[in-house]
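Participant: Give me a 3D structure for the following:
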Amino acid sequence: MAAAAPAAPLLAFGPPGWIAYAVVVTGSVIIGGVIVHEMSRSRTRTDSTTRTITDTARQPCRQWTVRIHAQGMIIGGTRGSTARGLPPIVKPSPVTVSQGLGLSTGVLGTLTKTQIKRLSPAKVKLDRFISTRPRHGGFLSKKSKYPGGKDDGTGDRLDVDSFGCSPNFIA
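Facilitator: Numbering: from 1, shown residues only. Alright, predicted model coming up:
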């Protein structure tokens, strides 16, 4: 549109001038649109990869979350089968030992009698793990694994996933 005023004298030449005026205005609108589009696509986004202690202290913390689920061939026929179980505990403060033990009992309560019998030893180990309040609150690797215990090839186990700004399973 910036070319409309300078191109206005073309209108005085009749129909050929009108065509020239339309070409100039249309061209300027198209070129302006292309420039705006390219500018919006080429915006650079930078993020500092270095963080100071004060930067991390100001960042909001992920809520404390604990999820326990049963997994293995006894659940669904493959080593990777996972039972839905109960919803995770999500709180604005660390999850307590008693809440963790209650969740593990609740998860076992969602299983069949055969599954309960097979996973009872894993429940004892899991409850011991929660009760000892692990040093890092049970933070486990991305691929959750039951802390301790041996895999007998079936993958039958109870897993605990624990997340938060500080350890879960507080007294």
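
Participant: Check the secondary structure at the one residue sitting closest to the centre of the chain for me.
Facilitator: The structure's the chain has its C-alpha centroid closest to residue 62; by C-alpha atoms, centre = their mean the separation is 10.4 Å. Classification of residue 62 using DSSP: H, G, I helix; E, B strand; the rest coil returns coil.

Participant: partner residues bridging the spatially closest residue to it that is not a sequence neighbour?
Facilitator: Excluding its sequence neighbours, the residue lying closest to residue 62 (C-beta to C-beta, 6 or more residues apart in numbering) is residue 163, at 5.9 Å. Where you see a C-beta, it was placed from the backbone N, CA and C, and this is true even at glycine. Beta-bridge partners recorded for residue 163 (DSSP bridges): residue 65.

Participant: Number of residues surrounding residue 163?
Facilitator: Residue 163 sits with 18 neighbouring residues when counted by other C-beta atoms under 10 Å.

Participant: so what's it up against?
Facilitator: 62, 64, 65, 66, 139 (C-beta atoms under 8 Å, 6 or more residues apart in numbering).

Participant: neighbouring contacts of the helix or strand hosting residue 70?
Facilitator: Using DSSP states H and E, residue 70 falls within strand 64-71. Applying C-beta under 8 Å, 6+ apart, the contact partners of strand 64-71 are 80-86, 88-95, 99-100, 103-104, 107-108, 111, 115, 119, 126, 138, 155-166, 168-169.

Participant: Those residues in strands, which ones?
Facilitator: 89, 90, 91, 157, 158, 159, 160, 161, 162, 163 (DSSP state E).

Participant: List buried residues within the residues you listed.
Facilitator: For the ones in strands among the contacts of strand 64-71, a burial check counting by 16 or more other C-beta atoms under 10 Å picks out 89, 157, 158, 159, 160, 162, 163.

Participant: As JSON lines, the residues you listed with distance to residue 13 would be great.
Facilitator: Below are those laid out as JSON lines (distance: C-beta to C-beta, whole Å):
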{"residue": "89", "distance to residue 13": "79"}
{"residue": "157", "distance to residue 13": "86"}
{"residue": "158", "distance to residue 13": "86"}
{"residue": "159", "distance to residue 13": "81"}
{"residue": "160", "distance to residue 13": "83"}
{"residue": "162", "distance to residue 13": "79"}
{"residue": "163", "distance to residue 13": "74"}
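
Participant: ok, of those residues, which one's closest to residue 130?
Facilitator: Ranked by distance to residue 130 (C-beta to C-beta), those are led by residue 160 at 7.2 Å.

Participant: For the closest residue to the closest one other than its chain neighbours, give its distance to residue 75.
Facilitator: Nearest non-adjacent residue to residue 160, counting by C-beta to C-beta, 6+ apart: residue 68, 5.0 Å away. For residue 68, the distance to residue 75 (C-beta to C-beta, to the nearest Å) stands at 13 Å.
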